[in-house]
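A.B. asks: Here is a sequence with its predicted model. Questions after.
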2 protein chains.
Amino acid sequence: MQSNLSVTEENYIKAVYHLQQASGSVTTNVLSAKLVTTPASVTDMLKKLKAKGLLLYEPYKVFCLSPTGSKIALEIIRRHRLWEYFLVEKLAFGWDEVHEVAEELEHVGSKKLVDKLDQFLDFPKFDPHGDPIPDCNGLMSSVEQVSLAYLPIGQQAQVTAVSNQSTELLELLGHKHINIGTRLEVLAKFSFDNSIEVKIKDLQPLNISEQLAGVLFVKTL
Amino acid sequence: MQSNLSVTEENYIKAVYHLQQASGSVTTNVLSAKLVTTPASVTDMLKKLKAKGLLLYEPYKVFCLSPTGSKIALEIIRRHRLWEYFLVEKLAFGWDEVHEVAEELEHVGSKKLVDKLDQFLDFPKFDPHGDPIPDCNGLMSSVEQVSLAYLPIGQQAQVTAVSNQSTELLELLGHKHINIGTRLEVLAKFSFDNSIEVKIKDLQPLNISEQLAGVLFVKTL
DNA sequence: AATTTATTTTAGGCAAATCTAAAAAAAATC
DNA sequence: GATTTTTTTTAGATTTGCCTAAAATAAATT
């Protein structure tokens, strides 16, 4: 049951998985944008992954991972998130600087390594960005989290996750002193630009743009 | 000062370094044997590494690493041995099962990762096989170690290193209960087959073949 | 429904790393 | 010193992953 995929194949599978999570199925164009490559290259790889039984794909149709493909995706995500947790908790990396390194470490495939790392870290359930870590069977916790954009005025909440790890987003969050775990309260919402005013303990009220609110996930308190 | 080498290039550099340690300079044939590839493939890569200024090479001549190449080799070896130490000390791997995994982890290039790992591990000087770990400047301890084959009768010594990590060697050492750190005394030497009888505390006297004695390094006590 | 536009696939090529087979150079042997 | 033998290099192919440009298909528009 050794999958033995190339780094490139693993990156494709991971990207398909994440795009599926957002919209159920995936198209060639969207995937090529995500991987910063051309649609033609994507088509090549889709045929290869289909041949390996990891992708349900017919030419010109939308596609999604096969059950086997999904299982592999969860393994890759497990490795990525465990390494992120390791980097932050053990090596004292900032939560906003672990993504690239984890992106490399996730391709070291040894099952034994990953399971022993999991044990060493005491079986963490969430990575430093608040995303759930699949266990050795591919199962993970889900959190009842909503986008900050949907909270009513007066609602108190705690940041549980951000929808992506782009440098730009993490820089902005650092500037605003917002982290996973940060507690806040919605003070006001402005319909002109859909921005939101929030209060974080010990800080001046902050204005959160529509774009930022959309990618900040919280659980209500 | 980013080297940015492919995994293959790094493996070539590492192999050249290790062969140089043994015999000063390296030939195409020897290197192709070490990397389990063809001489033709080696020639291709030699030209590439020369073009990058990492190798001192002229067609049909023996070759060796340039100063830059040596520095890179030491970085790769540093990563490999730090990961081996991590796997044994933190993840409870056996010292005989870490080589393959470290072989993959060593190619994760982030300088920050490696230096933070070093710090987390408390700047270890030797890996689980007894080999010295280069520090962040490429400097490493040397041990006054000799091959077991050269010890006189009656000499007490402690195993400090083995010359390679082949499965076959490690299996034999496991069977004989010999590890890095094992203390022993030379009881007798037999000129018929150059085998050596040694005594390890609490164990029956053992016979060490000429081949095994040649690859077991010890420091005298 | 026909045509335009957008998406996706095919066709043909390129670079990296490998291979086999043949040629060139060096080393060993007679 | 000439001739084998060994070593090394070159030449030409292959595979993986990527590209551009053109063709095919699907979707959108009129």
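C.D. replies: Received it, and whenever you're ready, just let me know what you need. Numbers count the residues shown, from 1 in each chain, chains lettered A, B, ... in the order given.
A.B. asks: Contact partners for the closest residue in space to A:D118 that isn't next to it in sequence?
C.D. replies: Once flanking residues are discounted, A:D118 sits nearest to A:L82: 5.8 Å by C-beta to C-beta, 6 or more residues apart in numbering or on different chains. For glycine as for every other residue, the C-beta is placed from the backbone atoms N, C-alpha and C. Residues in contact with A:L82 (C-beta atoms under 8 Å, 6 or more residues apart in numbering or on different chains) are A:114, A:117-118, A:121, A:124, A:127, A:133.
A.B. asks: Of those - the most surrounded one?
C.D. replies: Counting neighbours by other C-beta atoms under 10 Å in any protein chain shown, A:D127 comes out on top of these with 26 neighbours.
A.B. asks: Count the neighbours of the closest residue to it other than its chain neighbours for me.
C.D. replies: Of all residues not flanking A:D127 in the chain, A:R81 sits nearest, at 3.8 Å (C-beta to C-beta, 6+ apart). Each residue near A:R81 was counted by other C-beta under 10 Å, and the total is 24.
A.B. asks: pretty sure A:R81 is touching A:D135, no?
C.D. replies: No - applying C-beta atoms under 8 Å, one finds A:R81 not in contact with A:D135, separated by 11.0 Å.
A.B. asks: Bridge partners for A:C64, pull those for me.
C.D. replies: A:L56 (DSSP bridges).
A.B. asks: Can you read off the pLDDT for it?
C.D. replies: A:C64 carries a pLDDT value of 93.
A.B. asks: A:P124 reaches A:I133, doesn't it?
C.D. replies: Yes - applying C-beta under 8 Å, one finds A:P124 in contact with A:I133, separated by 5.8 Å.
A.B. asks: Find residues that contact each of the two.
C.D. replies: With C-beta under 8 Å, 6+ apart, A:P124 and A:I133 have common neighbours A:82, A:85.
A.B. asks: how about the residues of chain A near chain B?
C.D. replies: A:87, A:90-93, A:100-101, A:104-105, A:108-110, A:112-113, A:116-117, A:119-120 (C-beta under 8 Å from any C-beta of the partner chain).
A.B. asks: ok, now with 10 Å
C.D. replies: Neighbours of chain B within chain A, by C-beta under 10 Å from any C-beta of the partner chain: A:7, A:83, A:86-87, A:90-93, A:97-98, A:100-105, A:107-110, A:112-113, A:115-120.
A.B. asks: which of those residues count as buried?
C.D. replies: A:83, A:86-87, A:90-91, A:93, A:98, A:101-105, A:107-110, A:113, A:116-118 (16 or more other C-beta atoms under 10 Å in any protein chain shown).
A.B. asks: From those residues, which land in strands?
C.D. replies: Among these, no residue falls in strands (DSSP state E).
A.B. asks: The residue lying farthest from the centre of chain A: what secondary structure?
C.D. replies: Distance from the C-alpha centroid of chain A peaks at A:F192, with 30.2 Å (C-alpha atoms, centre = their mean). At A:F192 the chain is in coil, as set by DSSP: H, G, I helix; E, B strand; the rest coil.
A.B. asks: Could you measure from it over to A:S209?
C.D. replies: A:F192 sits 12 Å away from A:S209, going by C-beta to C-beta, to the nearest Å.
A.B. asks: Likewise for A:L56?
C.D. replies: Using C-beta to C-beta, A:L56 is found at 38 Å from A:S209.
A.B. asks: Looking at these two, which is more packed in?
C.D. replies: A:L56 (16 against 12).
A.B. asks: From chain B, how far off is the more buried one?
C.D. replies: Distance, A:L56 to chain B, by C-beta to the nearest C-beta, to the nearest Å: 30 Å.
A.B. asks: residue contacts, that residue?
C.D. replies: A:25, A:49-50, A:62-67, A:69 (C-beta atoms under 10 Å, 6 or more residues apart in numbering or on different chains).
A.B. asks: would you turn the residues you listed into TSV with neighbour count?
C.D. replies: Listed next are the contacts of A:L56 as TSV, based on neighbours: other C-beta atoms under 10 Å in any protein chain shown:
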residue	neighbour count
A:S25	14
A:L49	23
A:K50	17
A:V62	14
A:F63	21
A:C64	16
A:L65	22
A:S66	17
A:P67	10
A:G69	24
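A.B. asks: Tell me which two in these are the farthest apart.
C.D. replies: Based on C-beta to C-beta, the longest span within the contacts of A:L56 runs between A:V62 and A:P67 and measures 17.3 Å.
A.B. asks: In chain A, which residue sits nearest DNA strand C?
C.D. replies: Among all residues of chain A, A:N29 sits closest to DNA strand C, at 2.7 Å; criterion: C-beta to the nearest atom of the strand.
A.B. asks: partners of the helix or strand bottoming out on mean pLDDT in chain A in the sheet?
C.D. replies: Among the helical and strand segments of chain A, the one scoring lowest on mean pLDDT, DSSP states H and E is strand A:146-147, with a mean of 79. Using DSSP bridges, the strands paired with strand A:146-147 in its sheet are strand A:216-220 (antiparallel).
A.B. asks: What residues of the strand it pairs with count as buried?
C.D. replies: For strand A:216-220, the neighbour count (16+ other C-beta under 10 Å) marks A:216-218 as buried.
A.B. asks: JSON lines for the residues you listed, including pLDDT and distance to A:N11?
C.D. replies: Below are those laid out as JSON lines (pLDDT from 0 to 100; distance: C-beta to C-beta, whole Å):
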{"residue": "A:L216", "pLDDT": "87", "distance to A:N11": "26"}
{"residue": "A:F217", "pLDDT": "84", "distance to A:N11": "24"}
{"residue": "A:V218", "pLDDT": "88", "distance to A:N11": "30"}
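A.B. asks: Out of those, the closest to DNA strand D would be?
C.D. replies: A:F217 (29.6 Å).
A.B. asks: who touches the closest one in this structure?
C.D. replies: By C-beta under 10 Å, 6+ apart, the neighbours of A:F217 are A:129-131, A:143, A:145-149, A:157, A:159-163, A:180.
A.B. asks: Selecting buried members of the residues you listed in ChimeraX, what would you type?
C.D. replies: Here is the ChimeraX selection string for the buried members of the contacts of A:F217, based on 16+ other C-beta under 10 Å:
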select /A:129,130,131,145,146,148,149,157,159,160,161,162,180
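A.B. asks: out of the contacts of A:F217, which are inside strands?
C.D. replies: Checking those against DSSP E, those in strands are A:146-147, A:157, A:159-162.
A.B. asks: per-residue confidence at A:A33?
C.D. replies: Reading off the model, A:A33 has pLDDT 95.
A.B. asks: can you tell me which helix or strand it belongs to?
C.D. replies: Assessed by DSSP states H and E, A:A33 sits inside helix A:28-34.
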